[in-house]
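J.: After the sequence you'll find the predicted model.
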Amino acid sequence: YYSLLTDNNSNFYGCKTEINLKAINDKSLILPKLKQLFFLSLGQFTTDKKVENNSLLSYSYNNSSDISQKDLKILKLHYLQIHNKPLSCSTFGKFINNLKSICENEN
């Protein structure tokens, strides 16, 4: 369960995630799912079927012991420029390609 926390003026100031551990039959999924939920809560990120399994954005996340370099770059990019829509790996790639073309055209 995920809910946004707002003040009396409906301004967003946080969020709350609740997990019903009794509803998870395969207990080995708890840690990987917690890692993914935490990462997803840091921005408007979405999971993707086309991403490598070591990415927290992968549908088939393999519970890697380290954050992938791509995930780290996406997180840094998100906080460099806050996006008003979910950011997936495919939209991230398009965004980076667009930035490259803008930078090339600045010369």
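T.: Received the coordinates, thanks.
J.: Tell me where this structure has strands.
T.: Here the chain has its strands, by DSSP state E, at 2-6, 12-17.
J.: ok, the first one: who's next to it in the sheet?
T.: Strand pairing for strand 2-6, using DSSP bridges, gives strand 12-17 (antiparallel).
J.: would you list the strands of the chain in JSON lines and tack on distance to Lys27?
T.: All C-beta spots, glycine's among them, are computed from the backbone N, C-alpha and C. Shown next, in JSON lines, are the strands of the chain (distance: least, CB to CB, whole Å):
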{"stretch": "strand 2-6", "distance to Lys27": "21"}
{"stretch": "strand 12-17", "distance to Lys27": "18"}
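J.: of those, which approaches Leu80 most closely?
T.: strand 12-17 (20.2 Å; CB to CB).
J.: follow-up on the earlier one: out of the strands of the chain, the one nearest Ser65 is which?
T.: strand 12-17 (22.1 Å).
J.: Now do the buried residues in that closest one.
T.: Judged by neighbour count using 16 or more other CB atoms under 10 Å, strand 12-17 contains no buried positions.
J.: quick check: longest helix of this protein.
T.: helix 89-105 (DSSP state H).
J.: CA atoms of that helix as PDB?
T.: The C-alpha atoms that make up helix 89-105 are tabulated as PDB, following Å, rounded to 0.1, in the frame of the first residue of the first chain:
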ATOM      1  CA  CYS A  89      14.700   3.300 -18.900                       C
ATOM      2  CA  SER A  90      13.400   3.800 -22.400                       C
ATOM      3  CA  THR A  91      12.300   7.400 -21.700                       C
ATOM      4  CA  PHE A  92      15.600   8.000 -20.000                       C
ATOM      5  CA  GLY A  93      17.400   6.800 -23.100                       C
ATOM      6  CA  LYS A  94      15.300   9.200 -25.300                       C
ATOM      7  CA  PHE A  95      16.000  12.000 -22.800                       C
ATOM      8  CA  ILE A  96      19.800  11.400 -22.900                       C
ATOM      9  CA  ASN A  97      19.800  11.300 -26.700                       C
ATOM     10  CA  ASN A  98      17.900  14.500 -26.800                       C
ATOM     11  CA  LEU A  99      20.400  16.100 -24.400                       C
ATOM     12  CA  LYS A 100      23.300  14.900 -26.600                       C
ATOM     13  CA  SER A 101      21.700  16.500 -29.700                       C
ATOM     14  CA  ILE A 102      21.100  19.800 -27.900                       C
ATOM     15  CA  CYS A 103      24.800  19.800 -26.700                       C
ATOM     16  CA  GLU A 104      26.100  19.000 -30.200                       C
ATOM     17  CA  ASN A 105      24.000  21.900 -31.600                       C
END
